[in-house]
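J.: A structural model of the following input is requested.
(one chain, ligands or ions: 1)
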Amino acid sequence: MFEILDKQQLAERVYCITVAAPRIAKKHQPGQFVILRVHDRGERVPLTIAMSDAAAGTIGLIVQVAGATSAQLASLEKGQALSDIAGPLGKPTEIEDYGHVAVIGGGVGTAVIYPQVVGLKRAGNRVSVIIGGRTKDLVILEDVLGEVADVVYPCTDDGSYGYHGLVTGKLAELMDQADTPIKAVYAAGPVPMMKAVAEATRPSGTKTVVSLNPIMVDGTGMCGGCRVTVGGKMLFACVDGPEFDGHEVDFKELWDRLSTYKSFEKEAMERAQHRCKLENVL
Ligand code: FES
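T.: Numbering: from 1, shown residues only. Down below sits the predicted model:
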C-alpha cells in the first residue's frame, strides 16, 4: 500500500497528491510516469510523476477529475492509501544544453513540465516557460515553476490572467523577439495544443518534443493500448516514449484513439455519481 501524505487542491477539479513511494522517488527521472490502482480491483491509471523527493521518499501526482476513477482518486484524503503503483515507467526526457529552450504546459499537462524544467536548468539552459489554461483559475504550478525557470509566461484563453490567447501565440511572440534564439521546444498538454505547437515550429525546423498521453493499460509494451504512429512507424508510448518528435507524430490517429472510449467513461462516471447519491456521499 502507498500512503497519501498530503493533498492540495490546485484548481477546480485538479489536485496534487503526495504519496510515499521511496523506491520510485529514488529512480525517477524527468518525463517518466507511474501506473496506479486506487484499490485492488480498480482501473489502472497512468499519471506523470510531477515531482519527486528522493530524500523524503515521496512522489507528487497531479490528478484532474475527468471520470469515475479519477474522481475516486481525488476523493482520497491524507492518511488513506493507494493499492499499488508501478514505476517509474517510460523513457526519461532527453536533456541537452541547447542554450535557450521553451517549455510549454497546457492544463494538467503542466504536471509533466516541472521535472523537465528542473533537468533543463541543471544542464545549463536558459528556460522560458509558457503555461496555459482556459481561465486564471486553471493555470497551475506557476509558483513552483517560477522557482526554477528563468521566466514563466501564464496565458489564458479568456484574458483573465497573463497573456490573452493561446500558448502558441506567446510562443510565436517569443520566437520572433527572443534575444537568444529558441533552439528546442518541449510541450505537454491537450492533443490539439501539442499539434498546434508542432505546427508552429515546423517552418523553422526547431526541435520539438511532445509528451503523449494515449490510453494505457499495462505500461510495459504488452497490451498495445498506447499504440501511436511516429514517423510512419508504430510505437508504444509506454516503452518507446512517452516523449516523441512532435513533427513526426500522427496527432489525428492519437485523437481518434483517445475519443474511442469517451462514451464508456461518461457511462462509468454517471454510474459512480448514481452510487454516491444512493450512499448519500453527494
Ligand atoms: Fe500496454 Fe503500452 S500500455 S503497450
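J.: which stretches of the stretch 1-150 of the chain form helices?
T.: For the stretch 1-150 of the chain, applying DSSP state H, counting those that start in this stretch gives helices covering 22-27, 68-75, 110-122, 142-148.
J.: Would you format those helices as TSV with mean pLDDT included?
T.: Shown next, in TSV, are these (pLDDT from 0 to 100):
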stretch	mean pLDDT
helix 22-27	97
helix 68-75	90
helix 110-122	95
helix 142-148	95
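J.: now, of those helices, which is deepest in the fold?
T.: Mean neighbour count (mean count of other C-beta atoms under 10 Å) peaks for helix 110-122 among the helices of the stretch 1-150 of the chain, with a mean of 24. C-beta coordinates here come from the backbone N, C-alpha and C atoms, glycine included.
J.: Up against the ligand, what does the stretch 151-282 of the chain have?
T.: By the rule C-beta under 6 Å from any ligand atom, the part of the stretch 151-282 of the chain lying against the ligand is 216-219, 221-226, 236, 238.
J.: 5 Å instead?
T.: For the stretch 151-282 of the chain, the contact set with the ligand under C-beta under 5 Å from any ligand atom comprises 216-219, 221, 223, 225-226, 236, 238.
J.: picking up where we left off before, so for Ala55, which of the helices of the stretch 1-150 of the chain sits nearest?
T.: helix 22-27 (8.5 Å; C-beta to C-beta).
J.: Pull the residues that contact that closest one.
T.: 34, 49, 52-54, 56-59, 85, 87-88 (C-beta atoms under 8 Å, 6 or more residues apart in numbering).
J.: Now for the nearest residue to Pro88 once chain neighbours are set aside, how many residues are close by?
T.: Closest residue in space to Pro88, ignoring its immediate chain neighbours: Gln32 at 3.9 Å, by C-beta to C-beta, 6 or more residues apart in numbering. Burial of Gln32 is recorded as 23 neighbouring residues (other C-beta atoms under 10 Å).
J.: Kindly report the same for the one 4 residues further on.
T.: Other residues within reach of Leu36 by the criterion other C-beta under 10 Å amount to 24.
J.: Okay, and the beta partners of it?
T.: Applying DSSP bridges to Leu36 yields these beta-bridge partners: Val45, Ile85.
J.: which regions of the stretch 151-282 of the chain sit below the pLDDT cut-off?
T.: Within the stretch 151-282 of the chain, the segments meeting pLDDT under 70 span 178, 261-282.
J.: ok, which stretches of it are helices?
T.: Under DSSP H, counting those that start in this stretch, the stretch 151-282 of the chain gives helices at 167-177, 191-201, 237-240, 251-259, 262-278.
J.: roughly how far apart are the residue nearest to Asp137 when sequence neighbours are not counted and Gly133?
T.: Leaving aside its sequence neighbours, Asp137 sits nearest to Ala11 (C-beta to C-beta, 6+ apart; 5.4 Å). If you measure Ala11 against Gly133 using C-beta to C-beta, to the nearest Å, the figure is 8 Å.
J.: between those two, who's got more neighbours?
T.: Per other C-beta under 10 Å, whichever of Ala11 and Gly133 has more neighbours is Gly133, with 27 against 18.
J.: Could you measure from the residue lying closest to that one once chain neighbours are set aside over to the ligand?
T.: Using C-beta to C-beta, 6+ apart and skipping the chain neighbours, the partner closest in space to Gly133 is Val139 (4.1 Å). Distance, Val139 to the ligand, by C-beta to the nearest ligand atom, to the nearest Å: 30 Å.
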